[in-house]
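# With the sequence up front, the predicted model follows.
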Amino acid sequence: MTQQGEPPLRRVLAVVAAGGVLGSAARHALEVAWPTSSGGFPAATFVTNVVGAMLLGALMVVVVERGGAHPLLRPFLGVGVLGGFTTFSTYAVQTTVLVDADHALVGLGYLLLTPVVAVAAVGVGMAAVRRATRGTAR
């Protein structure tokens with residue numbers, strides 16, 4: 001049973017699944033277009049996770065702070081599209097592969113740089129939306 005104003009669970013699951021397909025397809029396309037050489041810095045995954053984090057920060061300002069968004073927007077974009085687009089599991093695997101293949105310096109750099117830049121990107125996304133919507137009614 002849902003609370004007043006919440007969409008039924010089947011609708012939420014459907015939009016999460018549809019968004020996941022779109023986000024995963026976009027991530028795959030980026031990985032194919034920007035392959036990583038053996039022992040190289042996984043730039044496509046890094047950019048995917050940083051951009052996804054920035055967009056998630058922006059989305060949360062729109063949905064939580066500004067309000068008035070459609071109730072399926074957050075599950076579709078936040079959980080579905082951005083959940084499918086970002087890939088911190090691949091980040092963990094790529095870090096392990098780099099370290100195991102004697103590219104420990106690249107792996108360590110990737111391990112440390114990704115969360116630091118991703119968290120900063122969340123702040124950038126939030127600040128950009130706040131600045132862009134300053135003075136607009138809720």
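Good, I have the coordinates.

# Mind giving me the packing neighbours of the host helix or strand of Thr45?
Under the criterion of DSSP states H and E, Thr45 resides in helix 43-60. Judged by 3 or more Cβ pairs under 8 Å, 6 or more residues apart in numbering; DSSP states H and E, the packing partners of helix 43-60 are helix 9-33, helix 82-85, helix 88-100, helix 104-132. The C-beta positions use only the backbone N, C-alpha and C, and glycine is treated the same way.

# Tell me which residues of it come out buried.
44-46, 48-60 (16 or more other Cβ atoms under 10 Å).

# before we move on, what about stretch 82-94?
82-87, 90-91, 94.

# if we can go back for a sec, roughly how far is the helix or strand following the helix holding Thr45 from the heart of the chain?
Next helix or strand after helix 43-60 toward the C-terminus (DSSP H and E): helix 73. Between the centre of helix 73 and the centre of its chain there are 15 Å (Cα atoms, centre = their mean, to the nearest Å).

# ok, residues contacting helix 73?
Helix 73 is contacted from outside by 59, 62-63, using Cβ atoms under 8 Å, 6 or more residues apart in numbering.

# for stretch 93-110, how far is the first residue from the last?
11 Å (Cα to Cα, to the nearest Å).

# Just the mean pLDDT for that stretch, thanks.
Averaged over stretch 93-110, pLDDT sits at 96.

# which residues sit against it?
With Cβ under 8 Å, 6+ apart, stretch 93-110 has contacts from 36, 38-42, 45-46, 91, 111.

# Show me what counts as buried in that stretch.
94-95, 98-99, 103, 106-107, 110.

# low-scoring pLDDT stretches of the protein, where are they?
Residues of the chain meeting the criterion pLDDT under 70: 1-5, 137-138.

# can you tell me which residues contact the residue nearest the centre of it?
Nearest residue to the geometric centre of the chain (Cα atoms, centre = their mean): Gly52, 2.8 Å. Gly52 is in contact with 82, 85-86, counting by Cβ under 8 Å, 6+ apart.

# Go through the residues you listed and say which is closest to Ala120.
Thr86 (15.2 Å; Cβ to Cβ).

# That closest one touches Asn49, doesn't it?
Yes - Thr86 is within contact range of Asn49, at 5.2 Å (criterion: Cβ atoms under 8 Å).
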